[in-house]
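Student: with the sequence up front, the predicted model follows.
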Amino acid sequence: KYLQENDLGEECKELLTTLPSEKGWITTHLYQYQGFWFAPIILQGVLSCQKHFQALDTDILLVTSPKSGTTWLKALSFALINRNKYPNIYINHPLLTTNPHELVPFWEIGLYCDKDLIPDLNTLSPPRIFSTHLSYESLPKSVKDSTCKVVYLCRDPKDTFVSYWHFINKLRSKNSETIPLEEAFERFCRGVNPYGPIWEHVLGYWKKSLENSEKVMFLKYEEMKMKPYFYLKEIANFLECPFSKEEESKGVVDDILNLCSFEKLSNLEVNKTGKMSFDIENKCFFRLGRVGDWKNLLTTEMIEHINTITEKKLVKHGLSF
Ligand code: A3P
């Protein structure tokens with residue numbers, strides 16, 4: 001279904017005829033909507049969640065650009081929020097048998113992607129946790145109007161690109177050839193990749209987090225890798241479920257970090273052999289889980305080029321990678 005462009009509602013089909021389009025990465029085309037690029041089937045989900053999602057003040061929304069650490073953030077947030085429900089993290093914890101993407105559903109590539117189905121989310125007990133790759137500007141209005149919390153995680157565009165290139169080639173390999181690195185890089189730098197441009201995506205949430213730090217928490221993958229204990233506690237504070245001194249001394253923070261670590265999650269049977277909806281193998285979400293793999297793939301010219309864009313677009317706003 002992920003690959004199909006013909007299963008679209010009338011509203012989406014009509015909209016597509018009015019939007020700028022370019023060659024796609026998986027689907028044949030990408031379309032630019034509200035400043036960002038989408039595959040048609042994803043745009044279908046975007047329109048539906050913008051129209052139908054009703055936020056509750058207790059909701060938690062996890063936002064990332066693709067390949068910025070979504071899987072990790074989902075696992076951490078799920079384990080954090082549900083730590084009283086599953087006190088023994090090594091026995092019977094849902095993360096041991098279920099991929100994080102199943103536990104924290106996406107909107108536009110999950111709950112809202114079927115044109116004929118509006119999900120009933122009222123049955124979910126609060127706090128509900130959802131995720132999306134949407135830009136801040138494109139979030140459903142009720143998210144902005146409510147006091148629900150938004151956790152945004154970004155990553156150095158170089159590593160995000162490299163991770164995405166590997167990911168997309170795994171998805172494409174069954175049906176078509178891999179995208180040459182140079183071509184993918186050129187398109188990524190122009191921002192013509194799903195949910196791109198990454199710089200504007202990051203900036204939207206960065207600005208919002210400065211404006212309203214109770215609403216949007218802004219995190220970087222690199223910093224979380226460096227100081228996971230500190231940042232998990234920060235996320236807990238932000239979500240108003242701080243760790244008690246007793247929990248800390250009992251090792252609850254460490255337990256959650258261990259359970260959600262790349263090593264632990266990627267070696268679980270469910271993540272080695274399981275499949276997600278859209279027929280994507282769970283193992284595609286676990287590759288290296290390291291900072292700086294771009295050094296192994298990008299040429300000096302590429303590094304200079306992408307760094308220049310980052311400097312031009314982000315540094316003046318106080319952001320760097
Ligand atoms: P690499 O391809 O660089 O290894 P997303 O979850 O947004 O799709 O991002 C995927 C990236 O996050 C991949 O990066 C993947 O290996 C990494 N990742 C997945 N699980 C992780 C975890 N538990 N901790 C740290 N990184 C993780």
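Tutor: It's in. Residues are numbered from 1 along each chain as shown.

Student: ok, residue 189 touching residue 309?
Tutor: Yes: using C-beta atoms under 8 Å, residue 189 and residue 309 qualify as a contacting pair, with a distance of 6.1 Å. (Glycine included, C-beta is placed from N, CA and C.)

Student: give me the more crowded residue out of these two.
Tutor: Taking neighbours as other C-beta atoms under 10 Å, residue 189 and residue 309 compare with residue 189 leading, 20 against 17.

Student: assign a three-state SS to the residue nearest to residue 52 when sequence neighbours are not counted, would you?
Tutor: Excluding the flanking residues, the one nearest residue 52 by C-beta to C-beta, 6 or more residues apart in numbering is residue 118, at 5.0 Å. Local secondary structure at residue 118 is given as coil here, using DSSP: H, G, I helix; E, B strand; the rest coil.

Student: next: residue 153.
Tutor: strand.

Student: from memory it sits against residue 69, does it?
Tutor: Yes: counting by C-beta under 8 Å, residue 69 is a contact partner of residue 153 at 5.1 Å.

Student: for this structure, which residues are neighbours of the ligand?
Tutor: Along the chain, the residues adjacent to the ligand under the rule C-beta under 6 Å from any ligand atom are 64, 66-72, 75, 159, 163, 166, 260-262, 265, 285-289, 293.

Student: what is the burial count for the closest residue to the ligand within the stretch 101-250 of the chain?
Tutor: Relative to the ligand, the nearest point of the stretch 101-250 of the chain is residue 163 (3.2 Å; C-beta to the nearest ligand atom). A count of neighbours around residue 163, defined by other C-beta under 10 Å, yields 23.

Student: which residues does it contact?
Tutor: Shown in contact with residue 163 (C-beta atoms under 8 Å, 6 or more residues apart in numbering): 67, 155, 287, 293.

Student: so where's the protein shaky on pLDDT?
Tutor: Filtered on pLDDT under 70, the chain yields the residue ranges 1-6, 173-175.

Student: strands of that one, start to end?
Tutor: 21-23, 29-33, 36-38, 60-64, 129-132, 149-154, 216-220 (DSSP state E).

Student: which of the residues of the chain next to the ligand are buried? Put it as a ChimeraX command.
Tutor: Here is the ChimeraX command that picks out the buried ones among those, judged by 16 or more other C-beta atoms under 10 Å:
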select :64,66,67,68,69,70,71,72,75,159,163,166,260,261,262,265,285,286,287,289,293
